[in-house]
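K.L.:
need coordinates for the below:
(one chain, ligands or ions: 2)
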Amino acid sequence: MNTPESKTYWIETYGCQMNKAESGYLECELQSHGWLPVQRPEAAAVVILNTCSVRKTAEDRIWGRLGFFKAQKKNHAFRLVLMGCMSERLKEEILNEAPHVDLLVGNFQKHRLVDVLEQGDTVAEAVAAGGDRKAQRRPQRPPHQEAHLIDPGEYRFAERHSLSGFQAYLPIMHGCNNFCTYCIVPYVRGSEVSRNPESILEEIRRIQTPDPQTGQMAREITLLGQNVNSYRYRNQDGTILTFPALLRLIAPVLQDRTWLRFLTSHPKDMSGELVDLIAAEPALCPHIHLPVQHGSNRILQAMGRKYTREQYLGLVTRIRKTIPEASLTTDILIGFPGESEEDYGLTLDLMREVRFEDAFTYRYNPREGTRAFELGDDVPEKVKQERLTGVIDLQRRITREVKKDKLGRTVEVLVEGISKKNEGELLARTERDEMVVFPGSPQQIGSFVRVRLDNLQGSTFRGEWIEAGRL
Ligand code: SAM
Ligand code: SF4
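P.N.:
Ligands and ions are numbered 1, 2, ... in the order given. The predicted model follows:
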């Protein structure tokens, strides 16, 4: 039996940017307690899976990994930790079907994980043996509003963002109050809690302090929340800080040349004030991810989205008028219960009308416990797949057409890394969230450069270096 060095960890993260951010915080906290990351799971004393429950496919992958780690346990002594949304949703099943999971950490206990690991085998064994399993596993509301966030301590940027270099995800809120009828998120992440603006500003200052050794710091910061537009922090004097007001607090503390982004905007809460602010504030990138989900009012209503197709189109018109250079991306959810050919056609029509720069497209997947689950799942899988293919094909065509219009322009990009397809090329992103590859050297990674957009390869631009960007 292989016994890895104690205080070594391996972490796998599934799902959304919020999970990536939380895994980043967790790594930071682990490292500040003397834990070291390892290059492969077999070398770790603790294996942590940070899980997702939004779709069954995500959960299936994680069940597959649980099977893999069960086999690993025969020749490798390690503790297996399951945290995040799946631990919250499937406590009982995991208890029964995966007894080799040593520690199950729900979304309201994750800030305690490092303490529990630090206490050593006694706690882990007590949990595994069923001692106070239930108490450990029952969702617990945090006692105060910051408690749901894993405390990364006095971390330096390079530690916290070892995975994402100079790009930082920064959660500004937790949970969701919207209860879209298909979505499990409000059940597994609880109701909305907005983070104290002081701690947000403090984190920004910290991640923008250059690392003494590498000089690296955050150049692109993405504020995260399930619905950032409903950020509301009650100040001590009783006044309310809204999302646009938070952005106005953040902008002046940013270092020169920082790109500020945010995800996700719910169309029902996106105010004219916010649109005007994006137009006026140079640090805010002109890219808005505005999930429409569907083009049929009947389905939008059944989804509980609380806006109509006409209201959504009105918002798009306002954005395009106020910020002509803005790129708009979206999420589309196909195959919701009761979706007819006509409803589907309305979605294609809306896509043709808006001409999104890009879209994330999903096939509806019933989630037990949500309101839509009660409606059954009456669109046959074959039809769902055909409709999804139709949506994907249409979006590909629109994306190419929209991007072709941009060819010949010189734009600023942030270089993210080396292209996966060609080592002599770099992969970069524009302010509008478009990917560009161009010939260059790894020294340019993490810096802003100006490139000319020469060609399109799929939906990625091919470009040519023109000059260094402004710093
Ligand atoms: N808060 C964001 C919003 O309101 O758009 C999105 C969060 S959700 C994790 C990301 C996307 O997953 C959603 O926009 C939706 O399209 C998709 N999604 C959510 N529940 C789903 C389900 N039951 N089946 C398939 N896709 C789903
Ligand atoms: Fe889910 Fe809707 Fe909340 Fe987004 S806004 S997380 S889709 S319930």
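K.L.:
up against ligand 1, what does the stretch 151-300 of the chain have?
P.N.:
Applying C-beta under 6 Å from any ligand atom, one finds that the stretch 151-300 of the chain approaches ligand 1 through 182-183, 185, 226-227, 264, 266, 291, 293. C-beta coordinates here come from the backbone N, C-alpha and C atoms, glycine included.
K.L.:
looking at it, K306 is touching K268, isn't it?
P.N.:
Yes: applying C-beta atoms under 8 Å, one finds K306 in contact with K268, separated by 4.6 Å.
K.L.:
sorry, back to before: and which of the residues of the stretch 151-300 of the chain next to ligand 1 is nearest V275?
P.N.:
Checking these against V275 by C-beta to C-beta gives H266 as the nearest, at 14.0 Å.
K.L.:
identify the residues contacting the closest one.
P.N.:
If you count contacts by C-beta atoms under 8 Å, 6 or more residues apart in numbering, H266 has them with 178, 227, 229-230, 291.
K.L.:
switch to 10 Å and redo it
P.N.:
176, 178, 180, 225-230, 290-291, 305-307 (C-beta atoms under 10 Å, 6 or more residues apart in numbering).
K.L.:
next: R400.
P.N.:
Counting by C-beta under 10 Å, 6+ apart, R400 makes contact with 456, 458-459.
K.L.:
what's the separation between V105 and ligand 1?
P.N.:
Remark: distance between V105 and ligand 1 (C-beta to the nearest ligand atom, to the nearest Å) = 20 Å.
K.L.:
and what of I319?
P.N.:
Counting by C-beta to the nearest ligand atom, the gap between I319 and ligand 1 amounts to 16 Å.
K.L.:
so which bits of the chain are right by ligand 2?
P.N.:
176, 178-180, 183, 185-186, 226-227, 266.
K.L.:
please repeat the previous calculation with a cut-off of 8 Å.
P.N.:
Where proximity means C-beta under 8 Å from any ligand atom, the interface of the chain facing ligand 2 comprises 54, 176-180, 182-186, 189, 226-227, 264, 266, 291, 293, 304-305.
K.L.:
pull out the buried residues from those residues.
P.N.:
Neighbour-count burial within the residues of the chain next to ligand 2 applies to 54, 176, 178, 180, 182-186, 189, 226-227, 264, 266, 291, 293, 305; the criterion is 16 or more other C-beta atoms under 10 Å.
K.L.:
inside helices: which ones of these?
P.N.:
Secondary structure assignment (DSSP state H) places 185-186, 189 from these within helices.
K.L.:
ok, and the closest non-adjacent residue to the residue in the stretch 151-300 of the chain that ligand 1 sits nearest to?
P.N.:
Nearest residue of the stretch 151-300 of the chain to ligand 1 (C-beta to the nearest ligand atom) works out as P291 at 3.4 Å. Beyond its immediate neighbours in the sequence, the residue positioned closest to P291 (C-beta to C-beta, 6 or more residues apart in numbering) is D331, lying 3.6 Å away.
K.L.:
do the same with E273
P.N.:
P244 (4.8 Å).
K.L.:
returning to that earlier point: in strands, which of the residues of the chain next to ligand 2 fall?
P.N.:
Applying DSSP state E to the residues of the chain next to ligand 2, no entry is found in strands.
K.L.:
can you pull out the strands in the stretch 251-400 of the chain?
P.N.:
Counting by DSSP state E, counting those that start in this stretch, the stretch 251-400 of the chain has strands at residues 259-263, 287-289, 327-334, 358-363.
K.L.:
name the nearest residue to the residue in the stretch 201-350 of the chain that ligand 2 sits nearest to, ignoring sequence neighbours.
P.N.:
When scored by C-beta to the nearest ligand atom, the stretch 201-350 of the chain has Q226 as its residue closest to ligand 2, at 3.9 Å. Across the structure, with C-beta to C-beta, 6+ apart as the measure, the residue nearest Q226 apart from its sequence neighbours is C176 (3.9 Å).
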